[in-house]
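Asker: Turn this into a model:
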Amino acid sequence: MALLKKINQILLFLLVLTVCAILYNKVHQAPSVLKNETVDLESPEEMEEEIPVVICAAAGRIGATVAAISSIYSNTEANVLFYIVGLKNTIPHVRKWIENSKLKEIKFKVVEFNPMVLKGKIRQDASRPELLQPLNFVRFYLPLLIQKHEKVIYLDDDIIVQGDIQELYDTKLAPGHAAAFSDDCDLPSTHEIVRSVGMQNTYMGFLDYRKQGIRDLGISPSTCSFNPGVIVANMTEWKHQRITKQLEKWMQRNVEENLYSSTLGGGVATSPMLIVFHGKYSTINPMWHIRHLGWSPDTRYSEHFLQEAKLLHWNGRYKPWDYPSVHTDLWENWFIPDPSGKFKLTRPES
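Answerer: Numbers count the residues shown, from 1 in each chain. Prediction:
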């Protein structure tokens, strides 16, 4: 009986020892598991810098937004986060389009733009009313819409990207510069197009130099203009220089003094940017903004030149989803049909 009791005590001791050994191993293996999880969280894929791309989705042209996003997403391995900015009535449509197409894998946020911020700041102009749409002014308010990023890309919706968006994001901004744009005189290959359709590429084409308020700026009317349809922006500098407030000031002055209008070359969104950023912006590689594709339905670039381009921009009246227009095949390569059937391309046979 005493022997049996002793055996039981030994077995109990061994059992306790085994349990302790198991617990000891688990406790001391825990840091290894945490380390592995930390490595996973900090893997290159997860820690890769995020590239924020801001693009608007306007009623009647959401197909343009989708084609632009499709072209960017298909031509890069970068970690792109799309900020799709729209008015309240367009947001459900664009969200449904993306979530029910091959773009459902993209990273995106839908941001609602409140047009009330523009109250009293836009002079009514009947010559090109489409240029007065609220979303044309989203680029003025980038820091208010996109708050967690130091560097941001803004793109008009009537573009497609043929290069890797990482290259555009890597554009160097000089110290003290809040943004980079493409000079309208930067690429000799586009000069013939500019001349053939009578476009202006200087400040004279955008500002009314008959007005004293413009002459007081001291800017030569022959100064080369730039196109703000593609912007690489430094949000810290933008906020530090109060760029949004400066732009709003010139919008309000235009309401009072009619300093520029859509009858001039660039409409009402370009002109205040030309004033505020004069002499204080960096430049984008010219091949990252081949523009004027929408200025004439009859004037074309060479196919070889367009194949070399990194970004194509159909600025002007003749959009590639409408008819007439040029180089529509390059745009249509990236178009994704609307699952709801609301947006349709306009073609001669349609």
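
Asker: Any regions of the stretch 101-250 of the chain where pLDDT drops low?
Answerer: Low-confidence segments of the stretch 101-250 of the chain, defined by pLDDT under 70: 125-131, 187-199.

Asker: Let me see the ranges of the strands in it.
Answerer: Using DSSP state E, counting those that start in this stretch, the strands assigned to the stretch 101-250 of the chain run over residues 107-112, 151-155, 159-161, 179-183, 226-234.

Asker: and the shortest one, what other elements does it pack with?
Answerer: Using 3 or more CB pairs under 8 Å, 6 or more residues apart in numbering; DSSP states H and E as the contact criterion, the secondary-structure elements in contact with strand 159-161 are helix 62-74, strand 311-313. From N, CA and C alone the C-beta is placed, and that goes for glycine too.

Asker: distance between the last one and the chain's centre?
Answerer: Looking back up the chat, that one is strand 311-313. Chain-centre distance of strand 311-313: 13 Å, with CA atoms, centre = their mean, to the nearest Å.

Asker: residues in contact with it?
Answerer: 156, 158-163, 168, 227, 229-230, 287-294, 306, 327, 330-331 (CB atoms under 8 Å, 6 or more residues apart in numbering).

Asker: give me that answer again for 6 Å
Answerer: With contact meaning CB atoms under 6 Å, 6 or more residues apart in numbering, strand 311-313 is reached by Ile159, Ile160, Val161, Gly229, Trp288, His289, Ile290, Arg291, Leu293.

Asker: pretty sure the fifth one contacts Lys310?
Answerer: Yes - between Trp288 and Lys310 there is a contact at 4.6 Å, judged by CB atoms under 6 Å.

Asker: Helices of the stretch 251-350 of the chain, start to end?
Answerer: Along the stretch 251-350 of the chain, counting by DSSP state H, counting those that start in this stretch, helices occupy 267-276, 303-308, 328-332.

Asker: possible to save these as TSV with mean pLDDT and distance to Thr236?
Answerer: Formatted as TSV, the helices of the stretch 251-350 of the chain follow (pLDDT from 0 to 100; distance: least, CB to CB, whole Å):
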stretch	mean pLDDT	distance to Thr236
helix 267-276	91	17
helix 303-308	94	34
helix 328-332	97	35
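
Asker: any chance of those in CSV, with distance to Glu256 and mean neighbour count too?
Answerer: Converted to CSV, the helices of the stretch 251-350 of the chain look like this (distance: least, CB to CB, whole Å; neighbours: other CB atoms under 10 Å):
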stretch, distance to Glu256, mean neighbour count
helix 267-276, 13, 24
helix 303-308, 43, 11
helix 328-332, 39, 17
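
Asker: No more questions from me, cheers.
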